[in-house]
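**Student:** Requesting a structural model of the entry that follows:
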Amino acid sequence: MIALTTNLIVGILIMAIVGACGASFDAVQWTYLQKNVPSNLRRQQFLLGLLHWV
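**Tutor:** Numbers count the residues shown, from 1 in each chain. Predicted coordinates for the structure are as follows:
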């Protein structure tokens with residue numbers, strides 16, 4: 001078995017912590033990117049970022 005824990009509750013808690021860290025990193029990354037892109041290119045950058053998720 002390849003797992004950090006065999007306890008379901010602990011596993012769910014670890015996944016929630018990892019997900020929260022990922023979400024906070026993503027928010028900081030998008031904020032930093034939007035702040036540093038020139039305003040005339042912001043629309044193209046946003047659309048390119050949305051297409052990245054497809």
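**Student:** Output the contacting helices and strands for the longest helix that the chain contains.
**Tutor:** Longest helix in the chain, counting residues (DSSP state H): helix 8-36. Applying 3 or more CB pairs under 8 Å, 6 or more residues apart in numbering; DSSP states H and E, one finds that helix 8-36 contacts helix 42-52. Glycine gets a C-beta too; all of them are placed from N, C-alpha and C.
**Student:** For the helix it packs on, name the packing helices and strands.
**Tutor:** Short answer (3+ CB pairs under 8 Å, 6+ apart): helix 42-52 packs on helix 8-36.
**Student:** State the distance from Leu33 to Ala27.
**Tutor:** According to CB to CB, to the nearest Å, Leu33 stands 11 Å off from Ala27.
**Student:** Between these two, which has more neighbouring residues?
**Tutor:** The neighbour comparison of Leu33 against Ala27 (other CB atoms under 10 Å) goes to Leu33, with 13 against 10.
**Student:** The more buried one touches Leu48, doesn't it?
**Tutor:** No. At 10.4 Å, Leu33 does not count as touching Leu48 under the criterion of CB atoms under 8 Å.
**Student:** burial of Asn40, as a residue count?
**Tutor:** Residues near Asn40, counting by other CB under 10 Å: 7.
**Student:** and what of Gly11?
**Tutor:** 13.
**Student:** Could you look up the SS state of the nearest residue to it once chain neighbours are set aside?
**Tutor:** Among residues not flanking Gly11 along the chain, Thr5 sits closest, at 5.4 Å (CB to CB, 6 or more residues apart in numbering). Three-state call for Thr5 (DSSP: H, G, I helix; E, B strand; the rest coil): coil.
**Student:** where's Thr5 relative to Cys21, distance?
**Tutor:** Distance from Thr5 to Cys21, by CB to CB: 18 Å.
**Student:** Ile12 now?
**Tutor:** Relative to Cys21, Ile12 is positioned 15 Å away (CB to CB).
**Student:** One more: Leu50?
**Tutor:** Going from Leu50 to Cys21 by CB to CB gives 23 Å.
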